[in-house]
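In: coordinates only, sequence not included:
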């Protein structure tokens, strides 16, 4: 009886911990995927990174998952003051997923429209990385010239 009480207390503490996703939800989801298989497997989309690396085939990570991962990154936090739109366009190129947003650089009469491009590792997801590799470019919408994001 004491063993069951200790196990129940440990389960309750784990369930009420400050970060339940990291401690028990994510491992349970990964276990479910190992047992039942990946839900995208029936679509023919690749679901695992081959030994050749993440650039060996187009990624099966949904765009919405990439956007969610981007919005949790430090790169997004540093450039978010410039971004003024939701995702406008996206494409995959050379192992990177490029995400395009519209934005405004500067303030008052010096404000000008810009395009904010984020390049995120195309194979990265919430299950594979905590902090993704992200590159940011801010480009003047009229001239196409690079703009410094700090102002």
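Out: Sure, I can see it. Just so we're clear, the structure is a prediction, and the values are computed from it rather than from any experiment.
In: which strands and helices sit next to the single longest helix found in the chain?
Out: As assigned by DSSP state H, the longest helix anywhere in the chain is helix 2-15. Helix 2-15 sits against no helix or strand, with contacts defined as 3 or more C-beta pairs under 8 Å, 6 or more residues apart in numbering; DSSP states H and E. (Each C-beta comes from the backbone N, C-alpha and C, glycine too.)
In: Please, which helix or strand holds the residue most central in space within the chain?
Out: For the chain, the residue sitting closest to the mean C-alpha position, by C-alpha atoms, centre = their mean, is residue 69 at 1.8 Å. When secondary structure is defined by DSSP states H and E, residue 69 falls within helix 63-71.
In: cool, residue 103 as well?
Out: Using DSSP H and E, residue 103 falls within strand 96-105.
In: Next secondary structure after that strand?
Out: Heading C-terminal from strand 96-105, the first helix or strand you meet, by DSSP H and E, is strand 112-121.
In: what's that next one in contact with?
Out: Applying C-beta atoms under 8 Å, 6 or more residues apart in numbering, the external contacts of strand 112-121 come out as 54, 66, 69-70, 73, 75-76, 79, 82-83, 95-106, 129, 132-142, 147.
In: Now a ChimeraX select for only the buried ones of these.
Out: Provided next is the ChimeraX selection string for whichever of these are buried by 16 or more other C-beta atoms under 10 Å:
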select :54,66,69,70,73,75,76,79,82,83,95,96,97,98,99,100,101,102,103,104,105,132,134,136,137,138,139,147
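In: Let me know the pLDDT of residue 103.
Out: At residue 103, the model reports a pLDDT of 91.
In: Cross-check the contact I'm expecting between it and residue 86.
Out: No: when contacts are counted by C-beta atoms under 8 Å, residue 103 is not listed as touching residue 86 (11.6 Å).
In: still on that earlier bit, residues touching the residue nearest to the centre of the chain, list them.
Out: With C-beta under 8 Å, 6+ apart as the criterion, the residues that contact residue 69 are 120, 124, 125, 126, 129, 132.
In: Just those: which are in strands?
Out: When DSSP state E is applied, the contacts of residue 69 are split such that residue 120 fall in strands.
In: Just want the angle from the helix holding residue 69 to strand 112-121.
Out: Relative orientation of helix 63-71 with respect to strand 112-121: 110 degrees, computed using axes from the mean of the first three to the mean of the last three C-alpha atoms, to 10 degrees.
In: What lies in contact with the helix or strand following helix 63-71?
Out: On the C-terminal side of helix 63-71, the nearest following helix or strand under DSSP H and E is helix 74-79. For helix 74-79, the surrounding residues in contact (C-beta under 8 Å, 6+ apart) are 70, 116, 118, 131, 134, 135, 136, 138, 149.
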